[in-house]
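>>> Structure of the sequence below:
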Amino acid sequence: MGDIKLKRNDEYLSYVENVTPKTGWFNSLFHAFIVGGTICCMGQMFGDIIKSYNPNMDTLRVGSWVSIIVICITIILTAFGVFDRIAKYGGGGTFIPISGFANSIASCAIEFKNEGLVFGIGSKMFYVAGPVIVNGVAYSIVVGLVYMLICLF
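This is a model prediction of the structure:
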């Protein structure tokens, strides 16, 4: 019984290896750099526009507005299926900025909307982003404690 499972797994893995499209690492890095850089440059552009209309606004508030704008645009593009095509081309370039986080929440909300507001959207919206939030908080606590210990001694 075990040999049959191993043979079937090997056959499946070889099938996946043959069917999976091969991409070069340079092209993947280049596309990620271009797409991620474009997202960040657009964020900078939004910040410059906001700052030009309200020169008295402090940098922290401008950054907050830029984050809100980028998140809203990402959610709209996710709803229309455009962001998925951008992410397929750009890979990690779309995942690293805040747009990747917004996409992960919006795509889960869209996917589970048929299950209702509470058991669908409410409970599964953070299906992908939840572990990121938990690990981010946990690691920031660990880093803060290490920093505190280093500063004490």
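>>> So for the helix or strand residue 46 falls within, what gets flagged as buried?
Element membership for residue 46, per DSSP states H and E: helix 25-53. Neighbour counts over helix 25-53 (16 or more other Cβ atoms under 10 Å) mark 31, 32, 35, 36, 39, 40, 42, 43, 46, 47, 50, 51 as buried. Backbone N, C-alpha and C define where each C-beta goes, glycine included.
>>> so can I have JSON lines of the residues you listed showing distance to residue 65?
Formatted as JSON lines, those follow (distance: Cβ to Cβ, whole Å):
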{"residue": "31", "distance to residue 65": "29"}
{"residue": "32", "distance to residue 65": "26"}
{"residue": "35", "distance to residue 65": "23"}
{"residue": "36", "distance to residue 65": "21"}
{"residue": "39", "distance to residue 65": "16"}
{"residue": "40", "distance to residue 65": "16"}
{"residue": "42", "distance to residue 65": "14"}
{"residue": "43", "distance to residue 65": "10"}
{"residue": "46", "distance to residue 65": "8"}
{"residue": "47", "distance to residue 65": "8"}
{"residue": "50", "distance to residue 65": "5"}
{"residue": "51", "distance to residue 65": "10"}
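>>> so after the helix or strand of the chain with the lowest mean pLDDT, what's the next helix or strand?
Within the chain, no helix or strand scores below helix 123-124, which has a mean of 74 by mean pLDDT, DSSP states H and E. Sequence order places helix 129-152 as the next helix or strand after helix 123-124, per DSSP H and E.
>>> What are the contacting residues of that next one?
101, 104, 105, 108, 126 (Cβ atoms under 8 Å, 6 or more residues apart in numbering).
>>> Having no further points to raise, I will conclude here.
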